[in-house]
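K.L.:
please find the sequence and the predicted model below.
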Amino acid sequence: MFANTKERTSKVVKEALDKIPTPKAPVFRENVYTVPNVLTMTRLVAAPVVGYLVLKSDHITAAWVFLYACATDWLDGYIARKYELQSVVGSVIDPMADKMLMVTLTGCLAWIGSLPIWIAAIIFGRDALLGLSAVYYRYISLPLPKTMARFWDFSIPSAEVHPTTISKYNTFLQMGLLGVTLVKPFAFLNLAPEAQLLASHAIVGLEYTVAATTILSGLSYVFSKTAVKILTEEEIESRRLKAEMKARTASDQTEKTQESRK
């Protein structure tokens, strides 16, 4: 009788435990507060500053801010590669900062008549399509639940963006065209008429080159199979373990430093 009672009790307890939902593993979040990401965020802030200065005809100050943005664009990538600080959020906001800077500067230069409208239309058209594509891929790759708060929480990795080769060349050429157009009002003042004419022809040639590479880079994202990568659960788990290992190593080094100081 005692054995039967014990067996029934065990069965009831087992059934009750089976009804308890298994807790889900916590969502892995990347460390977004790294030096490369902070530098990238400053580029995002620099974009409207450059646009404001252009509209106020302060091209010299705008050129310095633009130069800072170009320098940090190289610097954040260098630091991320050298110290292994690459992150999914960095792969998203880095091109976003570039596009924000170029779109803002393109619009402002076109508004004051320094840049042809048709060039601006091509740049805006491509970036608008890429922006819509980014929203789509972020939504379909975001782990459940798909809420607005989680959608904009870029510490939750879901997809990576890998710029295509033609896109990298296009970014360089666009930066060059915008930089030349930006400094043109004061740089041309000290040039002889013949030099001004030659420089003007060179800028026109650069405009057509930028237009062609902008269209080609847009098409490359459409047909490339490696431009956007949706992360699998295994890849996200691998990133989590790697982040934990880095954090543990940093903690051990801190403890060793503190002990050595005692």
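P.N.:
Structure received. Numbers count the residues shown, from 1 in each chain.

K.L.:
CA atoms of stretch 177-187 as CSV?
P.N.:
Extracted in CSV, the C-alpha atoms of stretch 177-187 (Å, rounded to 0.1, in the frame of the first residue of the first chain):
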residue,chain,number,x,y,z
LEU,A,177,32.7,64.0,-55.3
LEU,A,178,31.0,65.5,-52.2
GLY,A,179,34.3,66.6,-50.8
VAL,A,180,35.4,68.3,-54.0
THR,A,181,32.0,70.0,-54.4
LEU,A,182,32.1,71.1,-50.8
VAL,A,183,35.5,72.9,-51.1
LYS,A,184,34.9,74.2,-54.6
PRO,A,185,33.5,77.6,-53.6
PHE,A,186,36.7,78.6,-51.8
ALA,A,187,39.2,76.3,-53.4
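
K.L.:
now it: mean pLDDT?
P.N.:
The pLDDT scores in stretch 177-187 average 89.

K.L.:
kindly report the same for stretch 215-226.
P.N.:
Within the predicted structure, the mean pLDDT of stretch 215-226 is 82.

K.L.:
what residues sit buried inside that stretch?
P.N.:
By neighbour count, with 16 or more other Cβ atoms under 10 Å as the criterion, the buried positions of stretch 215-226 are 217-218, 220-221. Quick note: C-beta positions are derived from backbone N, CA and C, even for glycine.

K.L.:
again with stretch 94-114
P.N.:
Buried residues in stretch 94-114 (16+ other Cβ under 10 Å): 94-110.

K.L.:
so residue 50 touches residue 66, yeah?
P.N.:
Yes - using Cβ atoms under 8 Å, residue 50 is in contact with residue 66, at 5.4 Å.

K.L.:
what do these two both touch?
P.N.:
Common contacts of residue 50 and residue 66 (Cβ atoms under 8 Å, 6 or more residues apart in numbering): 101, 105.

K.L.:
quick check, pLDDT for residue 6.
P.N.:
In this model, residue 6 carries a pLDDT of 54.

K.L.:
same deal with the one 4 residues further on?
P.N.:
Per-residue confidence at residue 10 stands at 64 (pLDDT).

K.L.:
only C-alpha atoms, please: export stretch 199-218 in CSV.
P.N.:
As requested, C-alpha coordinates have been extracted for stretch 199-218 and formatted as CSV (Å, rounded to 0.1, in the frame of the first residue of the first chain):
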residue,chain,number,x,y,z
ALA,A,199,38.9,71.3,-62.7
SER,A,200,35.3,71.8,-63.7
HIS,A,201,35.6,69.2,-66.5
ALA,A,202,37.2,66.8,-64.1
ILE,A,203,34.3,67.2,-61.6
VAL,A,204,31.8,66.6,-64.4
GLY,A,205,33.6,63.4,-65.3
LEU,A,206,33.5,62.4,-61.6
GLU,A,207,29.8,63.1,-61.5
TYR,A,208,29.1,60.6,-64.3
THR,A,209,31.4,58.0,-62.7
VAL,A,210,29.6,58.3,-59.4
ALA,A,211,26.2,58.0,-61.2
ALA,A,212,27.3,54.8,-62.9
THR,A,213,28.9,53.2,-59.8
THR,A,214,25.9,54.1,-57.7
ILE,A,215,23.5,52.3,-60.1
LEU,A,216,25.9,49.3,-60.3
SER,A,217,26.3,49.1,-56.5
GLY,A,218,22.5,49.1,-56.0
